[in-house]
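Trainee: fold the following.
(one chain, ligands or ions: 1)
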Amino acid sequence: MKKYDVIIVGAGPSGIFTALEFAKRDKVDVLILDKGRSLNDRLDSVRASALNNRSVPSRLFGWGGAGAFSDGKLNLSPEVGGFLDRYLDDRSLIKLIKYVDKSYLDHGATTKVYGADDETFSKIKGEAARCNLKLIETRIRHMGTDKCPDILENFRETLKEKVEIKFDASVSDVIVKDSRVKGVKTEKGNRYYADFVVLAPGRGGAEWLDKQTKKLGIRSHMNPVDIGVRVEVPAITLSHITDIIYEPKLLYRSKYFDDKIRTFCMNPYGEVVAEVLDGIYTVNGHSYSDKRSDNTNFALLVSTTFTKPFNEPVSYGKYIARLANFLGDGVIVQRLGDLLKGRRSTDDRIKKGIVIPTLKDATPGDLSFVLPYRYLVDILEMIESLDRFAPGINSGHTLLYGVEVKFYSLRPCLSKSLETEITNLFAVGDGAGVSRGLVQASVSGVIAAKEILKRIK
Ligand SMILES: Cc1cc2nc3c(=O)[nH]c(=O)nc-3n(C[C@H](O)[C@H](O)[C@H](O)COP(=O)(O)OP(=O)(O)OC[C@H]3O[C@@H](n4cnc5c(N)ncnc54)[C@H](O)[C@@H]3O)c2cc1C
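Mentor: The predicted structure follows:
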């Protein structure tokens, strides 16, 4: 049986950037296993699903992972897109962000970076503060949903002669002996052996990773679960800010519950999309680099970190999402005005609105049957504050899609080089709870690979 130097589980950005480091050296024998398919196959099935107006698992699994059909916004600020500041100091993180950003540039990302100059940023930050909102500084390189697959395919071109890649290879178990990793086993029963294993299964594989870490006795920290809605407004409502900052990151602390609520993944002139995970429909958004809708969408997410004895935030998030699916046969859309009047939205009421939904197959319904009181109160409070910052957001025509859920799952205990408590077993990316965006996912892969290279040498 062939033995590899390194096995990487998952071909998303974190797995790809792990592999890129090894590809720069000769003679590191690397195998990437991914449960999904090649990018061409994924593109075919995503196009077919677009014709049926349905979301498909291929959006998350396969070459490029969730990154392939993401909105392609590279967040270049260390405060955004993950928790890597817990593992390395600011200077090292900024250096690694520049390092991966250059790689995206070398593989076809645009040279344009969005971000306000200091004076403009301070002015907008002041305006936000007067509305009880905290504006986080962001610098963004926007690749665009349409360009992401090409850029990720370029990474595959770089890697194809240097690493072995197997698709349709869902890893079921990590093989460990005497607290040292030995390899992995797939659902089909194939075993692959290596000195090092890097687990990079993304959000779609977070639950699997939880189960594995529990089985292997690796301790973990609780991460929050973020639950909320996607808001869609006429793009003009926010254009005076999004034209400068592109994706303003705003935080709000709710008066009643003292919860943290934030805007997430703002897509100026973008589209709302449905996303399917383990048969559950949730909502997300994206925007193209050269195609514009009339609307801007963003998520409003309430962050909850549960305390003992409850330790299943992922199941909780899924439960809420399932409830929306149960009532709406998929994603529910509701006009804010209908929600405030205590009535459901109907096709007729949506048609009367001035915001035309960009997600066509959402079911008009009533989110108050889905979201717990606490989340609704938090979200409505933040919408009021946002309305003072950008008048028009609290309009009765504003559309709310539900639910949007971000599962960060349990975060395995990791060393500074992202090694688990099992020798030579590393965990990176969104699945390991260390990132929640393309750049930090990519950086986390580089961190693990650099440590492995030191040991191989
Ligand atoms: C619609 C959408 C839009 C987004 N937009 C942005 C954006 O604009 N900017 C941004 O920074 N981030 C964005 N993100 C988030 C970004 O895509 C992720 O942060 C990033 O892809 C995480 O990379 P990853 O490698 O950790 O995981 P993923 O990209 O999820 O890749 C994980 C891979 O592991 C594979 N896998 C999982 N389990 C197994 C298993 N058991 N065996 C084998 N393979 C397995 C999967 O098939 C997948 O290919 C978006 C996400 C979505 C869904």
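Trainee: and the longest helix along the chain, what does it pack against?
Mentor: The helix that spans the most residues within the chain, counting by DSSP state H, is helix 438-456. When contacts are defined as 3 or more C-beta pairs under 8 Å, 6 or more residues apart in numbering; DSSP states H and E, helix 438-456 packs onto helix 13-23, strand 73-75, helix 90-106, strand 191-199, strand 425-427. The C-beta positions use only the backbone N, C-alpha and C, and glycine is treated the same way.
Trainee: do you know how far whichever residue of the stretch 301-450 of the chain sits closest to the ligand is from Ala448?
Mentor: Nearest to the ligand in the stretch 301-450 of the chain, going by C-beta to the nearest ligand atom, is Gly429, at a distance of 2.3 Å. Taking C-beta to C-beta, to the nearest Å as the measure, Gly429 falls 10 Å from Ala448.
Trainee: where among the helices and strands packed on helix 438-456 is average confidence lowest?
Mentor: Ranked by mean pLDDT, the helices and strands packed on helix 438-456 end with strand 73-75 at the bottom, a mean of 92.
Trainee: what about Phe257, how many neighbours?
Mentor: Residues near Phe257, counting by other C-beta atoms under 10 Å, number 16.
Trainee: so it is in contact with Leu376, correct?
Mentor: No: here Phe257 lies out of contact with Leu376, judged by C-beta atoms under 8 Å, at a distance of 10.7 Å.
Trainee: would you format the helices and strands packed on helix 438-456 as a markdown table with mean neighbour count included?
Mentor: Below are those laid out as a markdown table (neighbours: other C-beta atoms under 10 Å):
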| stretch | mean neighbour count |
| --- | --- |
| helix 13-23 | 28 |
| strand 73-75 | 24 |
| helix 90-106 | 16 |
| strand 191-199 | 23 |
| strand 425-427 | 27 |
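Trainee: going along the chain, name the helices of the chain.
Mentor: So, for the chain - with DSSP H - the helices run 13-23, 39-52, 90-106, 118-130, 148-159, 206-216, 239-245, 313-328, 336-340, 347-352, 373-389, 438-456.
Trainee: deepest of those helices, which one?
Mentor: helix 13-23 (a mean of 28; mean count of other C-beta atoms under 10 Å).
Trainee: CA atoms only: put that one into PDB for me.
Mentor: The C-alpha coordinates for helix 13-23 follow below in PDB (Å, rounded to 0.1, in the frame of the first residue of the first chain):
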ATOM      1  CA  PRO A  13      -9.300  27.200  -0.400                       C
ATOM      2  CA  SER A  14      -7.800  26.000   2.900                       C
ATOM      3  CA  GLY A  15      -6.900  22.600   1.300                       C
ATOM      4  CA  ILE A  16      -5.700  24.200  -1.900                       C
ATOM      5  CA  PHE A  17      -3.400  26.600  -0.100                       C
ATOM      6  CA  THR A  18      -2.000  23.800   2.000                       C
ATOM      7  CA  ALA A  19      -1.200  21.900  -1.200                       C
ATOM      8  CA  LEU A  20       0.300  25.000  -2.900                       C
ATOM      9  CA  GLU A  21       3.000  25.200  -0.200                       C
ATOM     10  CA  PHE A  22       4.100  21.600  -0.800                       C
ATOM     11  CA  ALA A  23       4.000  22.100  -4.600                       C
END
